[in-house]
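J.: Need coordinates for the below:
(chains A and B)
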Amino acid sequence: MIIGESKPLKDILFMIQNYSKIIVAGCRGCVTVCSAGGEKEVGILAAAISLARQKEGKPIEIKEVTLERQCDPEYLEEVRSFIDEYEAVVSIACGAGVQFMAEKYRKVPILPGINTNFIGVTEEQGVWTERCQSCGNCKLHLTGGICPIARCSKSLLNGPCGGSSNGKCEINPEVDCAWQLIIDVLREQGRLDLLEMIIPINDWRTSRDGGPRKIIREDLKL
Amino acid sequence: MRLSYPPNIKIIKVPCTGKVDVLYLLKAFQNGADGVYVAGCMEGDCHYLTGNIRARKRVEYAKKILDETGIGGDRLAMYNMSAAQAPRFVEVANEMFEHIKKLGPNPIKQSLTNTPAPTRAEEVEQ
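T.: Purely as a prediction, here's the structure:
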């Protein structure tokens, strides 16, 4: 899922300093699961904004909404009937959700309430780590299910490098060397011969180097 | 024992401090509380094993938010005491009372008095 984390309250308060009637909009998708932008976080952010503004002597009216997803047009329609009554929206969906809402409602400023960090997993309750960089060219079949693009600090396709030490990466002793992990798992699976195969240079055209990406499925279009 | 503690302390019962949510704590301040403390069982004695430990973490998180809002995280506290420690309960109540008295009223009180409080019916509706 997409992992995000709250922006500092002072940054959000700065964005809304000139508004007195806003919506705080959450999303029930990824950001609910990573506890950054779900219904509960909407409540907490709205309460915090309200307290801070009352303290400043500039009370603010806040409507709390949480959409099923902010990255799908049909769910964004849920706010159409009342969004124009508000001066701004603080969206705590991921960057995609914030942008899609901004596209659909051009008259109202849609402000980001969280920072969108990475595509990752819940390692344990309260701990999320990165797994995928969405390079558009998956090679997990060659690397024991461990992505060298996302998890090797240098994104080396034929590692490890000389910075691997006792299974850790030279950038930080807490970061696992992805190539150590790859070798360990391939050894367990008896597939170490895969390491003999040189993985060719990555085709970054499928990643951001090719500009903003788009997928069209003609069979699905209505 | 019939011990007495400051009468302006309002007790909100929860089945376990593990039920205490960050939002409950913030709402208390939104509703004008000058200070809030969570009284949980002794660490290690939780009937649900970790309820009071979770509560402490949530209190710490809520304190951070209160600091960011300017209300002040020092208006919120977590204490541990057993159900058999009535004198300790009173001691904590007095300690918190004195502490909050020093800090003064909730800074949002001024604006709260300027806007009419929602009626009970409105609150239920919300």
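J.: I figured B:L76 hits B:G35, correct?
T.: Yes - the pair B:L76 / B:G35 is scored as a contact, 7.1 Å apart, by Cβ atoms under 8 Å. C-betas here are computed from N, CA, C, even on glycine.
J.: Could you check which of those two is surrounded by more residues?
T.: B:L76 (24 against 20; other Cβ atoms under 10 Å in any protein chain shown).
J.: Would you mind measuring from the more buried one to B:F29?
T.: In this view, B:L76 and B:F29 are 8 Å apart by Cβ to Cβ, to the nearest Å.
J.: shared neighbours, those two?
T.: B:36, B:66 (Cβ atoms under 8 Å, 6 or more residues apart in numbering or on different chains).
J.: Show me what from chain B comes close to chain A.
T.: B:21-23, B:26-27, B:29-30, B:65-66, B:68-71, B:107-108, B:110-112, B:115 (Cβ under 8 Å from any Cβ of the partner chain).
J.: Generate a ChimeraX selection restricted to the buried subset of those.
T.: The following ChimeraX line selects those of the residues of chain B next to chain A that are buried, judged by 16 or more other Cβ atoms under 10 Å in any protein chain shown:
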select /B:21,22,23,26,27,29,30,65,66,68,69,70,71,107,108,112
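J.: Can you pull out the residues in contact with stretch A:213-222?
T.: A:136, A:206.
J.: Let me see the ranges of the strands in chain B.
T.: B:36-40, B:76-80 (DSSP state E).
J.: okay if I get those as TSV plus mean pLDDT and distance to A:G167?
T.: Converted to TSV, those look like this (pLDDT from 0 to 100; distance: least, Cβ to Cβ, whole Å):
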stretch	mean pLDDT	distance to A:G167
strand B:36-40	97	40
strand B:76-80	97	39
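J.: Point out the most buried one among those.
T.: strand B:36-40 (a mean of 22; mean count of other Cβ atoms under 10 Å in any protein chain shown).
J.: Please parse chain A into its domains.
T.: A:2-118, A:135-210 (automatic domain parsing).
J.: And the ones you listed: which comes nearest chain B?
T.: Closest approach to chain B among these (Cβ to the nearest Cβ): domain A:2-118, 3.8 Å.
J.: The closest one vs chain B: in contact?
T.: Yes - shown here: domain A:2-118 in contact with chain B (Cβ under 8 Å from any Cβ) through A:8-10, A:40, A:43-44, A:47-48, A:50-52, A:54-57, A:59.
J.: quick one: which of these sit in helices?
T.: Mapping the residues of domain A:2-118 next to chain B onto helices (DSSP state H) picks out A:9-10, A:40, A:43-44, A:47-48, A:50-52, A:54-56.
J.: Out of the residues you listed, give me the two with the largest separation.
T.: Farthest pair in these (Cβ to Cβ) is A:K40 and A:E56. Separation: 25.0 Å.
J.: and stretch A:214-222, how far out from the chain's middle?
T.: Distance of stretch A:214-222 from the chain centroid (Cα atoms, centre = their mean, to the nearest Å) equals 24 Å.
J.: Endpoint to endpoint, that stretch covers what distance?
T.: The stretch stretch A:214-222 measures 17 Å between its terminal residues, going by Cα to Cα, to the nearest Å.
J.: For chain B, which segments count as helices?
T.: So, for chain B - with DSSP H - the helices run B:22-30, B:51-69, B:86-103, B:109-114, B:120-125.
J.: Take those helices and lay them out in a markdown table including distance to A:P148 and mean pLDDT.
T.: Below are the helices of chain B laid out as a markdown table (distance: least, Cβ to Cβ, whole Å; pLDDT from 0 to 100):
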| stretch | distance to A:P148 | mean pLDDT |
| --- | --- | --- |
| helix B:22-30 | 39 | 96 |
| helix B:51-69 | 36 | 97 |
| helix B:86-103 | 54 | 96 |
| helix B:109-114 | 55 | 70 |
| helix B:120-125 | 55 | 46 |
